[in-house]
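Colleague: predicted model and sequence below, questions to follow.
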Amino acid sequence: MGQTMSELSESEKATFKAATERRKAAGIKLKRFGVLADETQVAALNELWDAWVIRWGKQRAVDNLISVMSTVEARQRDKENAR
């Protein structure tokens, strides 16, 4: 990671181009999501994220992250409303 396009090999550039074309054909538009976190939190998130991407691929990893966050939010609201 951290390479510029000019530092990539021709095969790496072709891989990125093919992925871009597949996303375009599928109507998928990528957007960036970011959060500020301290160094140890970022390290932990990176470890977990890498494991999720290996297990499910990037698309399902994001879907599962949203699902988990939604579940936690719903449970928290239920707790607050029960008081």
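Modeller: Everything's here; your move.

Colleague: so residue 28, which state does it fall into?
Modeller: Under DSSP: H, G, I helix; E, B strand; the rest coil, residue 28 falls in the coil class.

Colleague: contact partners for it?
Modeller: Under the criterion of C-beta atoms under 8 Å, 6 or more residues apart in numbering, the contact list for residue 28 is empty. Heads up, the C-betas are built off the backbone N, CA and C, glycines and all.

Colleague: quick check: the residue sitting nearest the centre point of the chain vs residue 8, distance?
Modeller: Centroid check for the chain by C-alpha atoms, centre = their mean gives residue 62 as the closest residue, at 4.9 Å. Counting by C-beta to C-beta, to the nearest Å, the separation of residue 62 from residue 8 is 24 Å.

Colleague: for burial, what's the neighbour tally of residue 64?
Modeller: 13 (other C-beta atoms under 10 Å).

Colleague: oh, that last question was meant for residue 59, not what I typed.
Modeller: 10.

Colleague: now residue 8. Nearest residue, chain neighbours left out?
Modeller: residue 16 (7.4 Å; C-beta to C-beta, 6 or more residues apart in numbering).

Colleague: so that neighbour is in which element?
Modeller: helix 10-26 (DSSP states H and E).

Colleague: and the helix or strand following that helix, what does it pack onto?
Modeller: Proceeding N to C from helix 10-26, the next assigned helix or strand is helix 39-82, under DSSP H and E. Applying 3 or more C-beta pairs under 8 Å, 6 or more residues apart in numbering; DSSP states H and E, one finds that helix 39-82 contacts no other helix or strand.
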